[in-house]
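Colleague: With the sequence up front, the predicted model follows.
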Amino acid sequence: MANEHYPGRYWHRLEDGRIQCDVCPRDCKLHDGQRGLCFVRKREGDQIVLTTYGRSSGFCIDPIEKKPLNHFYPGSSVLSFGTAGCNLACRFCQNWDISKSREFDRLCDQAEPEQIARAAAAHGCKSVSFTYNDPVIFLEYAVDTARACHALDIKTVAVTAGYMHAEARREFFAHMDAANVDLKAFTEDFYHKLCAGQLQPVLDTLQYLKHETDVWFEITTLLIPGKNDSDEELTAMCEWIAEYLGPDVPLHFTAFHPDWKMTDIAPTPPPVLTRARNIGLQAGLHYVYTGNVHDTAGGTTFCPGCRSAVIVRDWYEIPEHHLSDDGHCIACGSAVPGRFGPFTGAYGARRMPVRI
């Protein structure tokens, strides 16, 4: 039976008797029995505990491209799971039934880290992904699971908003092989009004990943009409990525659909995604993708040397693959950045729920 009150890390006592959680910039200051905004980190006595250790909202096998990661073992399958809660309060959350849940009966599947790793191996998954809600808030569970996965040569993937403090960031990413970081917008105003958070800590995480780790990472921005899709904001964001992270970091622009507390805004028109992709390419980024829409050109990886299509994607299918096992264009020999291996065919669009 999983321990529902696992001792948490990253907190300190305040002079007034409260305990401050130091995992993320929310800096929640708690009296005994109180929970942080994420709802899953709670003060019990003289410590912070994680109330969701070993408990999941469910396990599914997905294509790695769904994370989305296009340069991390393309075509492979990934065992995905999350818990409950979140340390941001995005009004447009696309997984709100999980991330905003305060009903622990949603956490129907119990699994220790070693069980998850063994299940991934048994199902032939290349990696395990911490996703659906932000793994930052279940850091201890994610790190222990990552250790168990690495013992079986299973890779680990974090799908995160990157909203975390430096010390927790170091431990967390020391155990991750890849990440997709959700860069929700490029203004503090957007983060403040629509996410109840801040932009700068996310930029700090991105620069940390680039300059101080070997983690392969890609970036996703959900484009919300009228909120974060202006030419000026997209240009500023893409130019920042090119300057501070480099042109080889893949960027995914994905389509919004009305959800949670933003049902009054229409879905993102496909031409908006194409416009954003063109802005990214014009800013010097080499790999800019579109998502949540059917756009073969926007999903295809092109060789940086000869510009031929080296990985053609049709949704989650890969009808053409022209990379060597070590990630070089077969036509001209140019290297494509990422993590690659033998390509034996794509897992495809299947989403297969599994029980651990």
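Modeller: It's in.
Colleague: CA atoms for contacts and neighbours, from now on please.
Modeller: OK.
Colleague: Give me the packing partners of the helix or strand encompassing residue 353, helices and strands only.
Modeller: For residue 353, the host element (DSSP states H and E) is strand 352-354. Helices and strands touching strand 352-354, by 3 or more C-alpha pairs under 8 Å, 6 or more residues apart in numbering; DSSP states H and E, are strand 59-63.
Colleague: Quick check: neighbours of the strand holding residue 353 in the sheet, parallel or antiparallel?
Modeller: strand 59-63 (antiparallel) (DSSP bridges).
Colleague: neighbouring contacts of the strand holding residue 353?
Modeller: When contacts are defined by C-alpha atoms under 8 Å, 6 or more residues apart in numbering, strand 352-354 is touched by residues 58, 59, 60, 61, 62.
Colleague: Can you check the pLDDT for the residue lying closest to the third one once chain neighbours are set aside?
Modeller: The shortest distance from residue 60 to any residue that is not its chain neighbour, by C-alpha to C-alpha, 6 or more residues apart in numbering, is 4.1 Å, and that residue is residue 353. Looking at residue 353, its pLDDT is 93.
Colleague: Report how many residues lie close to residue 353.
Modeller: A total of 13 residues lie near residue 353 under the criterion other C-alpha atoms under 10 Å.
Colleague: now it: how far from residue 66?
Modeller: Going from residue 353 to residue 66 by C-alpha to C-alpha, to the nearest Å gives 15 Å.
Colleague: care to break the protein down by domain?
Modeller: Split into domains by automatic domain parsing, the chain comes to 6-50, 56-354.
Colleague: For the stretch 251-356 of the chain, just list every one of the helices.
Modeller: 270-282, 296-299 (DSSP state H, counting those that start in this stretch).
Colleague: For the first one, which helices and strands make contact with it?
Modeller: For helix 270-282, the contact count by 3+ C-alpha pairs under 8 Å, 6+ apart identifies helix 231-244, strand 251-255, strand 288-291 as packing neighbours.
Colleague: For this structure, name the helix or strand with the lowest mean pLDDT.
Modeller: helix 96-99 (a mean of 52; mean pLDDT, DSSP states H and E).
Colleague: Next SSE downstream of that helix?
Modeller: Next element after helix 96-99 (DSSP H and E): strand 109-110.
Colleague: Could you spell out the sheet neighbours of that following strand, each with its direction?
Modeller: Strand 109-110 pairs in its sheet with strand 55-56 (antiparallel), by DSSP bridges.
Colleague: pLDDT averaged over the strand it pairs with, what's the number?
Modeller: 90.
Colleague: from the middle of its chain, how far away would it be?
Modeller: Centre-to-centre, strand 55-56 and its host chain are 18 Å apart (C-alpha atoms, centre = their mean, to the nearest Å).
Colleague: and if you look at stretch 124-132?
Modeller: That offset, for stretch 124-132, works out to 11 Å (C-alpha atoms, centre = their mean).
Colleague: can you give me the strands for the stretch 101-250 of the chain?
Modeller: Applying DSSP state E, counting those that start in this stretch to the stretch 101-250 of the chain gives strands spanning 109-110, 127-130, 155-160, 178-182, 216-223.
Colleague: Pipe these into JSON lines and attach mean neighbour count per row.
Modeller: Compiled in JSON lines, these are given as follows (neighbours: other C-alpha atoms under 10 Å):
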{"stretch": "strand 109-110", "mean neighbour count": "18"}
{"stretch": "strand 127-130", "mean neighbour count": "28"}
{"stretch": "strand 155-160", "mean neighbour count": "25"}
{"stretch": "strand 178-182", "mean neighbour count": "24"}
{"stretch": "strand 216-223", "mean neighbour count": "24"}
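Colleague: of all these, which lies closest to residue 76?
Modeller: Nearest of the strands of the stretch 101-250 of the chain to residue 76, taken as C-alpha to C-alpha: strand 127-130 at 8.2 Å.
Colleague: for the closest one, packing partners?
Modeller: Packing contacts for strand 127-130, counted by 3+ C-alpha pairs under 8 Å, 6+ apart, involve strand 77-81, helix 113-122, strand 155-160.
Colleague: could the ones you listed go into a markdown table alongside distance to residue 38?
Modeller: Putting the helices and strands packed on strand 127-130 into a markdown table (distance: least, C-alpha to C-alpha, whole Å) gives the following:
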| stretch | distance to residue 38 |
| --- | --- |
| strand 77-81 | 17 |
| helix 113-122 | 22 |
| strand 155-160 | 14 |
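Colleague: Alright, I will stop here.
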